[in-house]
Each structure stands twice: as C-alpha cells, then as structure tokens.
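Visitor: next one to model:
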Amino acid sequence: MKKRDFIRMVGLGAVGITIGTPLLSGCRSLQRVPEMPVWVWMSARGDSPRQWKNKFRELARLGVSGILMQASEEQYPEMASLAKSAGLEIHAWIVVLNHRNRETMEKHPEWFTISRDGRSTVEHQPYVDYYSWLCPSRAEVREFIAERVKRLAMMDNLDGVHLDYIRHSDVILPIGLWSKYNLVQDKEYPEFDFCYCDVCRDQFKKQEGIDPMDIEDPSGHQAWLQFRYDSVTRLVNELAQVTRDHQKKLTAAVFPTPEIARKLVRQEWLKWNLDAVYPMIYHNFYEKNIAWIEIATREGTRGLNGRIPLYSGLFIPALTPDNIAQAVQYAMDGGAAGVTFFNERAMNRKFWRNVV
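Guide: This next block holds a predicted model:
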C-alpha cells in the first residue's frame with residue numbers, strides 16, 4: 001500500500017494499513033454476537049447506480065442499519081434515493097479540515113495552518129504530501145465548510161452528514177505508526193505542532209495576554225491546548241446547527257478515546273453537539289490486542305454518559321472471520337450502541353457470517 005493510501009485511510013476514519021502487531025486472543029468464546037446496529041464506512045469509487053442498488057440491497061439483507069458513504073456531491077442524490085429504497089440510513093461521509101485542493105490553496109493560502117516552526121501546510125505537509133490543513137480559527141474557513149455541509153443537508157433522502165478529519169494534523173502519530181515513518185515522537189515537535197497562524201496567535205493573545213510563539217513548552221500550556229480544542233469544537237457545533245436547521249443528523253469519525261483524541265489531534269469530542277459519534281478503535285495502531293476495544297469503548301461511553309450513542313469503529317484488516325465476533329462483543333461490553341466496520345469492501349462473506 002502506498003503511503004498516500006495509508007494515511008488517507010487512517011484519517012478517513014479509517015487508518016488503512018495492517019501493522020505487523022500480533023493479534024492476541026482474549027478468553028471469550030467465538031460466538032455470534034447479539035443483534036445490534038451495524039454500520040459500514042464505504043466509498044462509491046467507480047461504481048455505477050446499478051451496482052449501488054445491488055450493494056445496498058445486499059447490505060440490508062445482511063442486517064446493516066446504515067452506511068457512511070464517501071462520494072461526490074453530484075452522486076449523493078441518486079445514491080441516497082437507492083439506499084433509502086433498500087431501507088438503509090445513509091450519511092454523506094466528508095473530509096473536513098484536511099483539504100488538499102489546488103484552487104483553494106491558490107486563492108486562499110492564508111486559510112491553511114502554520115506549524116510552530118513557521119511553515120504552512122500549503123508548501124510543507126507533515127508525514128505525506130496531501131496533509132494540507134485548513135485552520136478552524138478562521139471565520140471564513142468555517143463559513144466555507146458550513147456552505148458545503150448546508151448543500152448536503154438540503155439533499156432529499158440523505159439522513160445526515162458524517163465528518164472526518166475534523167481535527168488538527170497529528171501532533172503525535174499512534175505509536176504503531178512511528179516505525180513506518182522512521183519517527184520517534186516522544187514529545188511534541190515544532191514541525192508537527194499546529195496552528196500558529198496570525199489569526200490563532202492574535203485570538204489567543206487577546207484571550208490570554210501571551211503570544212503562543214513565546215510559550216516555552218506549548219505541550220504543557222493548558223490554555224493554549226484548550227484554545228486548539230475549542231477551535232475544532234466551535235466548528236463542529238456550528239455545523240451541527242446547520243444540519244439541524246434542515247432536520248438532518250450530524251455525526252463524526254473521531255480518534256479512539258477522549259484522552260487519545262486530545263493528545264494526538266486536538267479533538268475534544270465529548271463536547272461536540274453530535275447526534276452520534278464513531279470512534280476509530282483500531283487496536284493495532286496502538287499496539288493493543290482486541291480486548292482493548294472494550295476498554296476504549298468504555299472510556300468513550302462513560303465520558304458521554306448517555307448523551308449520544310457511540311458506535312465503535314472496527315478495523316477489518318486487523319481482524320479475522322474467527323475473531324470478529326469477539327471484537328464486536330468487546331465493543332458491546334464497553335457500552336457501544338453498535339459497531340461500524342472499516343470498510344465495507346474488506347468485509348467478505350466469512351466476516352458477515354459471524355456478525356449478522
């Protein structure tokens with residue numbers, strides 16, 4: 001798998017590579033799991049309307065409740081109609097702040113994030129060449145994103161919008177990825193620390209009386225950390241108002257636990273006004289065994305305290321048909337309302353036979 005495909009899948013809810021970490025078996029029997037909502041992340045890619053229709057019918061027959069679909073805006077109206085006719089809930093799955101769009105970069109280079117060492121993600125992308133990021137502190141960026149969400153929310157048959165890459169760039173990668181990029185991220189390094197653009201610096205200085213560039217240890221400065229968390233939270237909550245104005249749901253793919261999300265990507269998703277949350281509990285990225293799915297799920301459900309449902313995201317390339325039922329059971333034992341599989345194309349009949 002190419003490096004581009006890897007991080008794209010990582011961020012698309014869905015970090016997409018199997019790391020060579022052994023899967024350690026738990027003690028539970030490999031039985032079919034209780035009935036529960038099952039969702040899938042999937043992409044339209046080059047499929048035709050007829051293929052979508054057949055796929056949606058098959059997923060409904062298998063017992064899938066809903067799909068988080070990545071497609072072009074032009075594809076969604078027909079796709080949503082076909083999904084609804086099959087009895088499926090469908091949300092438009094979109095990449096938000098990771099924005100490698102040439103037109104936007106040329107017209108509005110100031111919209112993009114700046115690292116602590118002063119480099120813009122327009123010219124210098126961390127990790128991979130498409131890691132250009134919009135700054136959520138900028139009102140014009142939030143308006144730009146809100147317009148896109150509004151267009152989707154106005155579409156008939158779409159039930160909601162599903163946000164991905166709704167965060168800052170990874171200040172620290174999951175430990176299981178360090179060797180792939182020949183990195184040791186034992187602390188927050190300047191080239192991976194965002195955002196230090198003029199707007200962020202000015203807003204924080206007005207709020208706290210100090211320029212973030214003058215902070216000796218940004219990783220330990222709670223007000224500066226909170227400022228970054230809040231910049232993303234404000235954007236999410238503004239988008240939630242947009243979708244609710246059109247009677248649609250807003251959901252998001254997030255990092256696996258509240259603590260990990262804050263530490264690695266400046267997400268404070270417990271404060272987001274979502275209708276449901278889909279943590280990417282990809283155990284192998286954190287060098288954990290599948291029992292960690294229960295631990296991570298419970299951290300999220302306890303933090304949410306029943307406010308909204310949590311659907312545990314499971315990474316199919318790190319599972320087998322023999323242990324997928326066990327993984328799902330761990331999610332349910334952790335309090336999940338259901339599970340979400342990344343991704344549908346990785347699920348063959350051997351997997352489905354053990355979970356639905």
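Visitor: which of the residues in the helix or strand hosting Gln51 are buried?
Guide: The secondary structure element spanning Gln51 is helix 49-62 (assigned by DSSP states H and E). Residues Trp52, Lys53, Lys55, Phe56, Arg57, Leu59, Ala60 are the ones in helix 49-62 that count as buried (16 or more other CB atoms under 10 Å). Glycine gets a C-beta too; all of them are placed from N, C-alpha and C.
Visitor: how about stretch 100-108?
Guide: With the criterion 16+ other CB under 10 Å, stretch 100-108 contains buried residues Arg100, Thr104, Met105, His108.
Visitor: so which of the residues you listed belong to helices?
Guide: Cross-referencing the buried residues of stretch 100-108 against helices under DSSP state H gives Thr104, Met105.
Visitor: who's in contact with stretch 329-339?
Guide: When contacts are taken as CB atoms under 8 Å, 6 or more residues apart in numbering, the neighbours of stretch 329-339 outside the stretch itself are 26, 28, 31, 33-34, 36-39, 65, 276, 281, 290-291, 293-298, 300-302, 309-314, 328, 355.
Visitor: where is pLDDT lowest across the buried residues of stretch 100-108?
Guide: Within these, the minimum per-residue pLDDT falls on Arg100 (93).
Visitor: these two touch, right, that residue and Val128?
Guide: No: here Arg100 does not reach Val128: they are 9.7 Å apart, not a contact under CB atoms under 8 Å.
Visitor: where do the helices of the stretch 1-150 of the chain begin and end?
Guide: Secondary structure of the stretch 1-150 of the chain (DSSP state H, counting those that start in this stretch): helices at 3-11, 49-62, 76-85, 102-107, 139-153.
Visitor: and the longest one, what's buried?
Guide: Counting neighbours by 16+ other CB under 10 Å, one finds that the buried residues in helix 139-153 are Val141, Arg142, Ile145, Ala146, Arg148, Val149, Lys150, Leu152, Ala153.
Visitor: compute the inter-axis angle for the helix or strand following that helix and helix 139-153.
Guide: Once helix 139-153 ends, the next helix or strand along the chain (criterion: DSSP H and E) is strand 160-164. With axes from the mean of the first three to the mean of the last three CA atoms, to 10 degrees applied, the angle from strand 160-164 to helix 139-153 works out at 140 degrees.
Visitor: on contacts alone, who are the packing partners of the helix or strand that comes right after strand 160-164?
Guide: Toward the C-terminal end, the helix or strand that comes next after strand 160-164 (DSSP H and E) is helix 198-208. Helix 198-208 makes packing contacts with helix 222-245 when contacts are defined by 3 or more CB pairs under 8 Å, 6 or more residues apart in numbering; DSSP states H and E.
Visitor: which other residues reach the helix it packs on?
Guide: Judged by CB under 8 Å, 6+ apart, the contacts made with helix 222-245 from elsewhere in the structure are 96-97, 135-137, 142, 145-146, 149-150, 153, 160-161, 163, 166-168, 194-195, 200, 203-204, 207-208, 212, 215, 218-219, 249-250, 252, 262, 266-268, 271-274.
Visitor: redo that, cut-off 7 Å
Guide: Residues lying outside helix 222-245 but in contact with it, judged by CB atoms under 7 Å, 6 or more residues apart in numbering, are 136-137, 142, 145-146, 149-150, 153, 160-161, 163, 166-168, 204, 208, 212, 215, 218, 249-250, 252, 262, 266-268, 271-274.
Visitor: quickly note the distance from the residue located most distally from the centre of the chain to Ala223.
Guide: In the chain, counting by CA atoms, centre = their mean, Gly209 sits farthest out from the average C-alpha position, at 33.2 Å. When distances are taken as CB to CB, to the nearest Å, Gly209 and Ala223 turn out to be 10 Å apart.
Visitor: before we move on, what about Leu97?
Guide: Leu97 is 22 Å from Ala223, where distance means CB to CB.
Visitor: stretch 296-313 - what's its average pLDDT?
Guide: pLDDT averaged over stretch 296-313 gives 98.
Visitor: repeat that for stretch 59-77.
Guide: Per-region confidence: stretch 59-77 scores 95 on mean pLDDT.
Visitor: list the buried residues of that stretch.
Guide: Buried-residue list, stretch 59-77, by 16+ other CB under 10 Å: Leu59, Ala60, Val64, Ser65, Gly66, Ile67, Leu68, Met69, Gln70, Ala71, Gln75, Tyr76.
Visitor: from the contacts of stretch 329-339, which land in strands?
Guide: Within those, residues falling in strands by DSSP state E are Val38, Trp39, Ala276, Tyr311, Ser312, Gly313, Leu314.
Visitor: of these, closest to Phe112?
Guide: Nearest to Phe112 out of these is Gly313 (CB to CB; 27.8 Å).
Visitor: neighbours around the closest one, how many?
Guide: Neighbour count for Gly313, taken as other CB atoms under 10 Å: 28.
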